[in-house]
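Engineer: the following block contains a protein sequence and its predicted model.
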Amino acid sequence: MSIEPTSPNSGVSELQSAALPESWSPPPLIKNPLLRWGLLLGLVLYLYLSVGSLEVNWNRIYEGLDRGAKFVYGFMNPNFAERWTDISEGMIESLVMTVTSTAIGIAISIPIGFGAASNLAPLPVYLFCRGIIALSRSFQEIIVAILFVAIFGFGPLAGVLTLSFATIGFLSKLLAEDIESIDKSQAEAVKATGSPWWQWINFGIQPQIMPRLIGLSLYRLDINFRESAVVGLVGAGGIGATLNTAFDRYEYDTAAAILILIIGIVMLSEYISGYIRAGVQ
Amino acid sequence: MAEALSSTPKVWQHRNRNQQLLSWFLWLVGTAIFMYCWQIVSASTTWFFVWDAPRIAADIGSRMMPPRWSYINELWEPLWDTLNIATIGTMMAIVMAVPVAFLAARNTTPSTKFVRPIALLIIVSSRSINSLIWSLLLVSIIGPGVVAGIVAISLRSIGFVAKLLYEAIEEIDKNQVEAISATGANGLQILAYGIFPQILPAFAGISVFRWDINIRESTVLGLVGAGGIGLQLNASLNVLAWPQVTLILILILLAVIFSELISAKIRHAII
């Protein structure tokens, strides 16, 4: 027996009276046909308008193919040697910024995360902490970096503050969600022993969220390293400035060397953090 | 035995002595690394500017207010460009990411030894490089403009979409695939009727989620010349036109909230 695609719940008598359908097609993702076709039509219309408004300079792209080939060639033969002092200084600065900003970010995120958990904090504290999280999450790192460079001057400190600020939004939010979903009975059992607030947090809640906190921190370390390569574009320190210079001078072999180093470090840290996370959980 | 009983009863502790020593040691190492790093940051900081920061911040703050509302008429077109960069970029990324995801998933890849590592390498390379750096590269290759932004967004998104998608493919229900193949379906038909319907909700969710992120990222690509509202932001910053900067930041904030609302609504409808 086959089922009609459009109305799977139709009565049996109807099925019996009608001839069995010849072919079958899977049920669509969007059930309402009006909405489905409307969305498709809207998409086609949008594509027509947007592609029409694109200004493509084919000449420039054609000229660029040459440079593209050069970049691919540079990727095959990365040049670490020529600007090695610049690269190593930038890389070390990026790594230093990553470590510092992650540490500062975690230290600030933990109290904010506790404050933003609705099962722990009183309403005014909750709203205040959620406000900080929303503020930190709504702006791109690079925009924050521009403002911080304007305020604190050029250099890695602006980058560290930017990344710390971004870490708060990420870590506090996920930490708060984890605290909100803890097992209440464990916390209650600790409270039943007559422990003061501090011990209640330390023995009733902290052990439950520790694996997740460590996992998230390692993940954020990873993200902060990737972002530290970007904030340098606006003068907030790190490898970004070196990379920008390399592209401006069309030194694709040096740029490729920097990108390969970034990819390598990200892969390495992903491997290590996977190892640590497996050990913690 | 008697000795142990006569002495004061042992107080319960979370960790035994070795664990405690290890924990203290790790804290020591961590603090030392942090202090060392902080010293490097501090050495390359001009502290005079930092002490001056509150005054500067107040100064910039006062210059930013009120926003220059009349400037908004010059921003509609860049905003449209930003939307296009994010949307077309996401579509291109999806088209490229689907085959990569199928090649990377353990249960659909043609060869675990040769093809899968290549697909994983594509995913990692795409993911580890920020879209701003991709734009930097593309602006230098194909010239400034919206096209560079679209390609940058799509290259950055391949890794994200492909990674989440291949994880979804690896988690599918094998029985359904088996049932389809038992009917005598060929490889393509198994893909279309056995695997694809299972990952369709995840696929739609991932695409919308990435589109939301891409709206966020495409607002700043203009800083390196890849089109969109970031171009105006850069121009305003260069001439220190702070009231215009405020207006652009407000628009970016609205765009981000708008895209997040839409994506949350669609994902809610799907799941």
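Structural biologist: Okay, I see it. Because the structure is predicted, anything quoted here is derived from the model rather than measured.

Engineer: chain B contacts on the stretch 1-150 of chain A?
Structural biologist: Proximity of the stretch 1-150 of chain A to chain B, by Cβ under 8 Å from any Cβ of the partner chain, involves residues A:26, A:29, A:46-47, A:50-51, A:53-57, A:60-61, A:63-64, A:67-68, A:71, A:92-93, A:96-97, A:99-100, A:103, A:138-140, A:142-143, A:146-147, A:150. C-betas here are computed from N, CA, C, even on glycine.

Engineer: list only those of these flagged as buried.
Structural biologist: Buried by 16 or more other Cβ atoms under 10 Å in any protein chain shown: A:50, A:61, A:64, A:67-68, A:71, A:93, A:96-97, A:99-100, A:103, A:138-140, A:142-143, A:146-147, A:150, out of the residues of the stretch 1-150 of chain A next to chain B.

Engineer: now chain B, which segments are flagged as low pLDDT?
Structural biologist: By pLDDT under 70, the low-scoring segments of chain B are B:1-9, B:271.

Engineer: for the residue in it positioned nearest to chain A, helix, strand, or coil?
Structural biologist: Closest contact between chain B and chain A, by Cβ to the nearest Cβ, is at residue B:49 (3.5 Å). Per DSSP: H, G, I helix; E, B strand; the rest coil, the local secondary structure of residue B:49 is helix.

Engineer: next, the buried residues of the strand or helix carrying residue B:84.
Structural biologist: Following DSSP states H and E, one finds residue B:84 within helix B:76-104. Neighbour counts over helix B:76-104 (16+ other Cβ under 10 Å) mark B:78-94, B:96-98, B:100-104 as buried.

Engineer: those residues also near chain A: which ones?
Structural biologist: Okay, of the buried residues of helix B:76-104 touching chain A (Cβ under 8 Å from any Cβ), that's B:80-81, B:83-84, B:87-88.

Engineer: which of the residues you listed sit farthest apart?
Structural biologist: Greatest spatial distance among these (Cβ to Cβ): B:80 and B:88, at 11.9 Å.

Engineer: overlap in contacts, these two.
Structural biologist: Shared contacts of residue B:80 and residue B:88, defined by Cβ atoms under 8 Å, 6 or more residues apart in numbering or on different chains, comprise residue A:50.

Engineer: closest to residue A:35 among the ones next to chain A among the buried residues of helix B:76-104?
Structural biologist: residue B:87 (19.1 Å).

Engineer: just the pLDDT for the residue in the stretch 151-281 of chain A positioned nearest to chain B.
Structural biologist: Residue of the stretch 151-281 of chain A nearest chain B, by Cβ to the nearest Cβ: residue A:153 (3.5 Å). On pLDDT, residue A:153 comes in at 82.

Engineer: next one: phi and psi at it?
Structural biologist: Backbone torsions for residue A:153, taken as degrees, to the nearest 10, come to phi 90, psi 170.

Engineer: same question, residue B:183
Structural biologist: Dihedral angles (degrees, to the nearest 10) for residue B:183: phi -80, psi 0.

Engineer: neighbours of it, just the number please.
Structural biologist: 10 (other Cβ atoms under 10 Å in any protein chain shown).

Engineer: can you check residue B:241 too?
Structural biologist: Residue B:241 has 17 neighbours, counted by other Cβ under 10 Å.

Engineer: ok, now residue A:27?
Structural biologist: By other Cβ under 10 Å, the residues close to residue A:27 number 11.
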